Structure formats: C-alpha cells, structure tokens
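# Predicted model, plus sequence, below.
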Amino acid sequence: MAMAERQSVHRERLETMVVQGNIKSQTLGTIFAFIICVIALTAGFYLVHEGKNVAGFSSIVGAMGGVLGTFIYSRREQRKERVEKSNALQSKKR
C-alpha cells in the first residue's frame with residue numbers, strides 16, 4: 001500500500017515537472033518569436049526608409065506572414081487535439 005502511494009506521489013511530481021517545463025518552453029518560444037518579428041519588422045521599415053521598397057516590403061510581409069501562419073497552424077492543431085480528446089472521452093463513457 002505504501003509503495004503504491006509513493007509511486008502515485010512520484011508520478012504526480014513528474015507530471016507537474018512536465019507541465020511546468022511545457023509552460024516555460026511555450027513562454028520562451030513566444031518571447032523569441034516576438035523578438036525575431038520585431039527585428040524583421042524594424043529591418044523592413046528601415047529598408048523601405050532607405051528606398052529599397054521591394055526588400056523592405058518582403059521583410060515586413062515575411063515577418064507578418066510567419067507570425068500569422070504559426071498562429072493559424074497552432075490554433076488548428078489545438079482544435080484537432082481537443083476534438084480527439086473529446087472523442088476519446090466519449091468512447092470511454094460508452
């Protein structure tokens with residue numbers, strides 16, 4: 001009995017560590033994406049200011065497209081995951 005309780009506590013501790021690690025990873029990813037986007041946008045505006053319109057606009061569009069593409073893709077994947085989990089719960093109830 002005591003061994004099962006220790007195992008349960010250990011498993012909960014490991015799950016907590018995994019969740020905290022995922023949160024930290026997502027936070028760092030968001031911060032780095034923001035920094036890269038700001039750099040690309042700044043470079044694009046600088047290039048437009050200097051008269052290199054094509055390169056500047058492509059930098060701006062690339063930065064915004066990357067952010068929007070990643071956002072849309074992640075939302076779609078989250079939606080798929082929620083549907084899969086919901087279906088799994090429904091099948092367990094039957």
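Cool, the structure landed.

# okay, now residue 71: neighbour count?
Residue 71 has 11 neighbouring residues, counting by other CB atoms under 10 Å. Backbone N, C-alpha and C define where each C-beta goes, glycine included.

# can you pull the contacts of it?
Contact partners of residue 71, counting by CB atoms under 8 Å, 6 or more residues apart in numbering, are absent.

# Work out for me the element it sits within.
Using DSSP states H and E, residue 71 maps to helix 53-93.

# can you tell me the average pLDDT over that helix?
In this model, helix 53-93 has a mean pLDDT of 85.

# ok now it, how far from the chain's centre?
9 Å (CA atoms, centre = their mean, to the nearest Å).

# Backbone dihedrals for the spatially most central residue of the chain, both of them.
Nearest to the mean C-alpha position of the chain, by CA atoms, centre = their mean, lies residue 26 at 5.4 Å. Main-chain dihedrals, residue 26, degrees, to the nearest 10: phi -70, psi -40.
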